[in-house]
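Peer 1: whatever this is, show me its structure:
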Amino acid sequence: MKKPAVRLCDLPSPLPVRDGIAPSYAWLPEGNWPTIYAFLLDRFAVIGESILSKRLANGEIVDEVGLPIDLLTPYKAGKRIWYYREVEAEPRIPFEAEILFQDAHLLVVDKPHFLPMSPAGNYLKETLLIRLRAALNNQDITPIHRLDRETAGVVMFCLTPELRGKYQRLFEAREVQKTYEAIAPWKDGLSFPRVHQSKMVDGDHFVTMKEVPGEPNSETEMSVLARFGDWALYQLKPHTGRKHQLRVHLASLGIPILHDPFYPIMLPDKGDDFSKPLQLLARSIEFIDPITHMTRHFVSKRHLNGMEGL
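Peer 2: Coordinates of the predicted model:
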């Protein structure tokens, strides 16, 4: 049976942001459930009857106007219910981010490897966004752009929600210069510098991407910063912002990034093994600030260390 749509709230909510976590909601679809509790037991059976009944008893699930739902609340299709998402036994990410810059509107952070950007899957509080909201006591912090969980380096957040769009439009207009570094194999026969273009589409697994024939929709400028034996340190400047673009482009050239768990093949989930971080770093970012009109240039203090032990 198809699950109801469940999303972080993007509509007015009767619940406030709590500990940096925005409330979520679920639509109530057409159906013959006598009560909302019966619907929850049917659609969210994986959570378990004891946990669901406890959350209702504690008033943790509410209707559209904020009234608590109890065991006998009648089911009405087309309505929404609101709640705070919870993750049982959320794994601790033992790495910390560093704030590089902060003013009234902009927050620039040096993200570590393995730390997710925002709540998703098994991660809720152990995410960069929720940590920053809690540390700065500011529930309005929102990402301007994103980095993969496996990628470290410079990432930006907006402190003023109504100005977020101005910063995001810089990325849409390709007015942000992003520079990455990666450790990957050296391959004889490949000449650098080079520009790699390809058409990227969703991959065979829902979290991956792949290249296919057709009009290119992705482009990366590549050069070599240093070579050490069978490996090299590459500088990568993406001119587009496709999901996993740098990882896909290097893998397609036969030089996948060191410790990449997705490309060229998807490896089993490493769980709590943090010993082999993906050797990809968002080294710097530069743009004209749309609010102050100043040139902004931020550089990561982190360094790739994946060659240790090879």
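Peer 1: point to the helix or strand of this structure where mean pLDDT is at its lowest.
Peer 2: strand 6-8 (a mean of 46; mean pLDDT, DSSP states H and E).
Peer 1: what's the first helix or strand after that strand?
Peer 2: strand 24-27 (DSSP states H and E).
Peer 1: sheet-wise, list the partners of that following strand with their directions.
Peer 2: Pairing partners of strand 24-27, with direction, according to DSSP bridges: strand 6-8 (antiparallel), strand 80-83 (antiparallel).
Peer 1: pull the residues that contact the longest one.
Peer 2: Outside of strand 80-83, the residues within contact range by Cβ atoms under 8 Å, 6 or more residues apart in numbering are 9, 13-15, 23-28, 36, 55, 60-64, 66, 69. Quick note: C-beta positions are derived from backbone N, CA and C, even for glycine.
Peer 1: stretch 60-70 now?
Peer 2: With Cβ under 8 Å, 6+ apart, stretch 60-70 has contacts from 14-15, 36-37, 40, 55-57, 59, 73, 79-84.
Peer 1: relative to residue 238, how far out is residue 248?
Peer 2: 11 Å (Cβ to Cβ, to the nearest Å).
Peer 1: quick one, which of these two is more surrounded?
Peer 2: More neighbours surround residue 248 than the other of residue 248 and residue 238, with 26 against 21 (other Cβ atoms under 10 Å).
Peer 1: and the more buried one, what helix or strand is that in?
Peer 2: Counting by DSSP H and E, residue 248 is found in helix 245-252.
Peer 1: immediately after that helix, which helix or strand?
Peer 2: Note on helix 245-252: by DSSP H and E, the next helix or strand toward the C-terminus is strand 280-288.
Peer 1: list the buried residues of the next helix or strand after that next one.
Peer 2: Per DSSP H and E, strand 280-288 leads on to strand 295-299 as the next helix or strand towards the C-terminus. Buried residues in strand 295-299, defined by neighbour count with 16 or more other Cβ atoms under 10 Å: 296, 298.
Peer 1: who does strand 295-299 pair with, and is each partner parallel or antiparallel?
Peer 2: Per DSSP bridges, strand 295-299 is paired in its sheet with strand 280-288 (antiparallel).
Peer 1: out of the contacts of strand 80-83, which are buried?
Peer 2: 13, 15, 23-26, 28, 36, 55, 60-63, 69.
Peer 1: closest to residue 153 out of these?
Peer 2: Distance to residue 153, by Cβ to Cβ, is smallest for residue 24 among these, at 29.1 Å.
Peer 1: which non-adjacent residue is nearest that closest one?
Peer 2: Ranked by Cβ to Cβ, 6 or more residues apart in numbering and with sequence neighbours excluded, the top spatial neighbour of residue 24 is residue 85, at 4.9 Å.
Peer 1: quick one: low-confidence ranges for this protein?
Peer 2: By pLDDT under 70, the weakly predicted segments of the chain are 1-11, 306-310.
Peer 1: what segments of it are helices?
Peer 2: Counting by DSSP state H, the chain has helices at residues 36-43, 49-57, 128-136, 164-172, 245-252.
Peer 1: would you mind finding the most buried of those helices?
Peer 2: Compared across the helices of the chain, helix 245-252 shows the largest average neighbour count, a mean of 23 (mean count of other Cβ atoms under 10 Å).
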